[in-house]
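K.L.:
coords below, sequence missing:
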Ligand SMILES: [Ca+2]
């Protein structure tokens, strides 16, 4: 009887041990990647048909519409950030504080229909001066495309912000662009 109890006890502990190990395996895998500094990066927590809460919405012309689309999303997700009617230009803007020498990787997904040039752009500011700019254009064939930029903040910078712009210019009335799964990660 005691032997049976002992076997049950060992079996119980073995199951608990496996369960604990299995909890740690995903944490070990995830720890290889730095956290995403963009909150609500898939726009799933936003209210559809309103501007995304965590971004500044910029529009260069009256009539541009910048709202969360509740029926379109990257990789089967339900929502994304949409821009339409940007006959001049428009953008979703997100800014973080950074330090000299730091390295960042920025990613986003975009799809567009109709006319217009969509891009993911980054700027940074040293004091009052915009000191750096680069862009990664998307192609406009209606499929989701990924844009990636890796950048190192200049060692000479003193007070610096890094600004991400999800940008579109030159749309016609029937054109639309969607952005989703935005990330800024420290490398
Ligand atoms: Ca999404």
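P.N.:
Happy to help now that I have it. Remember, it's a predicted structure, so these values are computed and weren't measured experimentally.

K.L.:
downstream of the lowest-mean-pLDDT helix or strand in the chain, the next helix or strand is which one?
P.N.:
In the chain, no helix or strand scores lower on mean pLDDT, DSSP states H and E than helix 2-30, which sits at a mean of 50. Sequence-wise, the next helix or strand downstream of helix 2-30 (DSSP states H and E) is strand 56-59.

K.L.:
partners of that following strand in the sheet?
P.N.:
strand 89-98 (antiparallel) (DSSP bridges).

K.L.:
for the record, mean pLDDT for the partner strand?
P.N.:
Confidence over strand 89-98 (mean pLDDT, whole number) is 95.

K.L.:
which residues touch it?
P.N.:
37-38, 52, 54-61, 64, 66, 81, 83, 104, 121, 124, 153, 160-170, 179, 182, 184 (CB atoms under 8 Å, 6 or more residues apart in numbering). All C-beta atoms are positioned from the backbone trio N, CA, C, and that covers glycine.

K.L.:
how about a cut-off of 7 Å?
P.N.:
For strand 89-98, contacts defined as CB atoms under 7 Å, 6 or more residues apart in numbering pick out 37-38, 52, 54-60, 64, 66, 81, 83, 104, 153, 160-169, 179, 184.

K.L.:
show me where pLDDT drops low in this protein?
P.N.:
Residue ranges of the chain with pLDDT under 70: 1-31, 131-139.

K.L.:
any idea how it splits into domains?
P.N.:
1-32, 56-186 (automatic domain parsing).

K.L.:
end to end, how far does the last one reach?
P.N.:
Read that as domain 56-186. 22 Å (CA to CA, to the nearest Å).

K.L.:
hang on, the earlier thing: most neighbours per residue, which of the domains of the chain?
P.N.:
domain 56-186 (a mean of 18; mean count of other CB atoms under 10 Å).

K.L.:
give me the sheet partners of the host helix or strand of residue 122 and which way each runs.
P.N.:
Using DSSP H and E, residue 122 falls within strand 117-126. Sheet pairing for strand 117-126, assigned by DSSP bridges, gives strand 129-137 (antiparallel), strand 160-169 (antiparallel).

K.L.:
just how off-centre is that strand within its chain?
P.N.:
Put simply, strand 117-126 sits 14 Å off its chain's centre (CA atoms, centre = their mean, to the nearest Å).

K.L.:
and stretch 47-56, by the same measure?
P.N.:
The answer for stretch 47-56 is 14 Å, by CA atoms, centre = their mean.

K.L.:
same check, this time on stretch 41-52
P.N.:
Worked out by CA atoms, centre = their mean, stretch 41-52 lies 13 Å from the chain centre.

K.L.:
hmm, that stretch in reach of the ion?
P.N.:
Yes: interface with the ion: stretch 41-52 contributes 42, 43 (CB under 5 Å from the ion).
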